[in-house]
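Participant: this is a predicted model, with the sequence first.
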Amino acid sequence: MNNYSLPSIGYGTFPQKESLILTVKCAYNAGYRLFDTSDNYENEKWLGKAIGDFDDIIIISKFSQPHFAFEVERCFEESSKKLGRAPNAFLLHWPYPFLWKKIWRQMEILKLSGKVEHIGVCNFNEKKMKKLLKFCKVKPFINQYERHPYFQQNHLKNICDNNGIISMSYSPIGRKNMQLLNDPVLNSLSEKYKKSLCQIILKWNVQTGTIPIPASSSYEHISENILINDFSLAHDDIIKINTLERGKRVRFDPDL
């Protein structure tokens, strides 16, 4: 698992639980090989049942229990047990105030002991990422954060790029925000390329160097989201999407 072998798109499992038994198999059959979960999604056991003996997939899970800040290894083992295997990457879900440094040291131990292939973070913004890079002994492999045309976080992405950290975008379609879905630029590109607006946005994520992890329980959307390898956005069209930045966050602010 490295920069060159990670799939260009993944499947987000939040907020599904039992339904993953069917949707994950649909996603696998559609071609997804990267699956994202977390201990606080309370669906690791369902993902574990769904993936069965698939041996060609990558699983990402997360540590989201600050009340167990000194028990990261135990929490990792619990996630592994529920999944039926150790996740390929284990991420610190939030930069918990006063605790993230203690948690990160334990995650580094997990990595250096060989218990997990890779460690990373989620929701570390520009300020938090700079602090982490000064503190860490092991750089995060991944930073997973909100990124879509209305909230691009390009300064954060540049920090990740310059330090060899993979940017992975959750809510890559802005949770289907109506303003985003009705955006005239995106809709004109959808008509131009004969692709859905969601496919246009996901392709923009990929072509600008981010791995999107869209979530859906619709078989139609699961299959559609991954069908983005048969076209490329022209450079001028990528620039058009880049100009849509509005600072419009649709998920939680890590600083709050």
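Facilitator: In hand now; what should we look at?

Participant: quick one: average confidence on stretch 113-131?
Facilitator: Mean pLDDT, computed over stretch 113-131, is 97.

Participant: what about that stretch, how long is it end to end?
Facilitator: In stretch 113-131, first residue to last residue: 24 Å (Cα to Cα, to the nearest Å).

Participant: mind listing what's buried along it?
Facilitator: By neighbour count with 16 or more other Cβ atoms under 10 Å, stretch 113-131 contains the buried residues 116, 118-125, 128-129. No exception for glycine: its C-beta is placed from N, CA and C like everyone else's.

Participant: check those and tell me the two furthest apart.
Facilitator: 116 and 125 (24.1 Å; Cβ to Cβ).

Participant: okay, buried residues for whatever helix or strand residue 24 lives in please.
Facilitator: If you go by DSSP states H and E, residue 24 is part of helix 20-30. If you call a residue buried by 16+ other Cβ under 10 Å, then helix 20-30 has these buried ones: 20, 23-24, 26-28.

Participant: partners of the helix or strand just after it in the sheet?
Facilitator: Past helix 20-30, further along toward the C-terminus, the next helix or strand under DSSP H and E is strand 34-36. Using DSSP bridges, strand 34-36 pairs in its sheet with strand 11-12 (parallel), strand 58-63 (parallel).

Participant: ok, and the closest non-adjacent residue to residue 7?
Facilitator: residue 34 (4.4 Å; Cβ to Cβ, 6 or more residues apart in numbering).

Participant: residue 248 should be in a helix, yeah?
Facilitator: No: per DSSP: H, G, I helix; E, B strand; the rest coil, residue 248 lies outside any helix segment and is coil.

Participant: list the contacts of the closest residue to it other than its chain neighbours.
Facilitator: Excluding the flanking residues, the one nearest residue 248 by Cβ to Cβ, 6+ apart is residue 150, at 4.0 Å. For residue 150, the contact set (Cβ atoms under 8 Å, 6 or more residues apart in numbering) comprises 174, 177, 179-180, 244-248, 250.

Participant: quick one: which of these is nearest to residue 212?
Facilitator: Set against residue 212, the nearest of those by Cβ to Cβ is residue 174 (11.3 Å).

Participant: which residues touch the closest one?
Facilitator: Here residue 174 is in contact with 148-151, 180, 201, 248, 250 (criterion: Cβ under 8 Å, 6+ apart).

Participant: redo that, cut-off 10 Å
Facilitator: Listed by Cβ atoms under 10 Å, 6 or more residues apart in numbering, the contact set of residue 174 reads 146-151, 180-181, 183, 201, 248-251.

Participant: what is the most widely separated pair among these?
Facilitator: 183 and 251, at 18.6 Å, using Cβ to Cβ across these.

Participant: circling back: what's the average pLDDT for the helix holding residue 24?
Facilitator: Per-residue scores along helix 20-30 average to 97.

Participant: packing partners for it?
Facilitator: Judged by 3 or more Cβ pairs under 10 Å, 6 or more residues apart in numbering; DSSP states H and E, helix 20-30 is in contact with strand 11-12, strand 34-36, helix 44-51, helix 219-225.

Participant: quick one: it to helix 44-51, angle?
Facilitator: Helix 20-30 runs at 40 degrees relative to helix 44-51, counting by axes from the mean of the first three to the mean of the last three Cα atoms, to 10 degrees.

Participant: could the C-alpha coordinates of helix 20-30 be exported in PDB?
Facilitator: Below are the C-alpha coordinates for helix 20-30, written out as PDB (Å, rounded to 0.1, in the frame of the first residue of the first chain):
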ATOM      1  CA  LEU A  20     -23.500  -2.800   4.300                       C
ATOM      2  CA  ILE A  21     -23.900  -6.600   3.800                       C
ATOM      3  CA  LEU A  22     -25.500  -5.800   0.400                       C
ATOM      4  CA  THR A  23     -24.100  -2.400  -0.500                       C
ATOM      5  CA  VAL A  24     -20.400  -3.400   0.100                       C
ATOM      6  CA  LYS A  25     -20.800  -6.400  -2.200                       C
ATOM      7  CA  CYS A  26     -22.400  -4.100  -4.800                       C
ATOM      8  CA  ALA A  27     -19.500  -1.800  -4.400                       C
ATOM      9  CA  TYR A  28     -16.900  -4.600  -4.700                       C
ATOM     10  CA  ASN A  29     -18.600  -5.900  -7.800                       C
ATOM     11  CA  ALA A  30     -18.600  -2.400  -9.300                       C
END
